[in-house]
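> using only what follows, build the 3D model:
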Amino acid sequence: MQQAFANPTSINRFGGLCLGESRDLVNTVTPLPANYHAESLWWLVTDEDGSLTLPYWVDHVGSKRTRWKCYELQESQVWQPPDLAWTTIQTS
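As a prediction, this is how the structure comes out:
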C-alpha cells in the first residue's frame, strides 16, 4: 500500500480492494499522517473463546469448505501487530 501511494504508476494491478470476501469492497484508503498519534488501537486476534466467529477462508463453490476461527478485539498501545493477529491458512 505504501508503494501504491508513493508511486501509483509502479503498480500493475486492477480490480477492487476488499477486506475478506469480494463483496466487502473498500471505498477509500487514506494513509495516516506521519505525526498521527492515537491513545490506543485495536487488533483482531485469534482466541479460542473469542466472541467473534469469522471466516478466514471462504469456499465460493457451495461454502462446504469455508474455514472459520474465533477472534477477539484486543486493545493495544503498540503499532506492531501481536503474533495472534496473524492467521495461518492451511492449504489441505
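> the protein: strands as residue ranges?
Ranges of strands within the chain are 41-46, 52-57, 67-76, based on DSSP state E.
> quick one: mean pLDDT over the first one.
This means strand 41-46. Averaging pLDDT along strand 41-46 yields 94.
> also the last one?
Mean pLDDT, computed over strand 67-76, is 93.
> adjust the sequence numbering to begin at 41 for everything that follows.
In the new count, where the first residue is 41, that last one comes out as strand 107-116.
> paired strands for it, with orientation please.
Strand pairing for strand 107-116, determined by DSSP bridges: strand 81-86 (antiparallel), strand 92-97 (antiparallel).
> determine which stretch of these is the most buried.
Mean neighbours per residue, mean count of other CB atoms under 10 Å, is largest over those for strand 81-86, with a mean of 15. Any C-beta I mention is one placed from the backbone N, CA and C, and that applies to glycine too.
> mind putting the strands paired with strand 107-116 in CSV, distance to N75 included?
Converted to CSV, the strands paired with strand 107-116 look like this (distance: least, CB to CB, whole Å):
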stretch, distance to N75
strand 81-86, 16
strand 92-97, 32
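> among those strands, which is nearest F54?
Proximity to F54, assessed across the strands paired with strand 107-116 by CB to CB, is greatest for strand 92-97 (23.7 Å).
> skip the chain neighbours and tell me the closest residue to the most centrally placed residue in the chain.
Centroid-nearest residue in the chain, with CA atoms, centre = their mean: L59, separated by 6.1 Å. Ranked by CB to CB, 6 or more residues apart in numbering and with sequence neighbours excluded, the top spatial neighbour of L59 is V66, at 6.2 Å.
> isn't that neighbour right next to M41, touching?
No - assessed by CB atoms under 8 Å, V66 is found out of contact with M41, at 10.8 Å.
> residue ranges for the helices of the chain, please.
42-46 (DSSP state H).
> can you pull out the low-pLDDT segments for it?
For the chain, the stretches flagged by pLDDT under 70 are 60-61, 131-132.
> okay if I get the strands of the chain as TSV plus distance to T128?
What follows is those, written out as TSV (distance: least, CB to CB, whole Å):
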stretch	distance to T128
strand 81-86	9
strand 92-97	9
strand 107-116	10
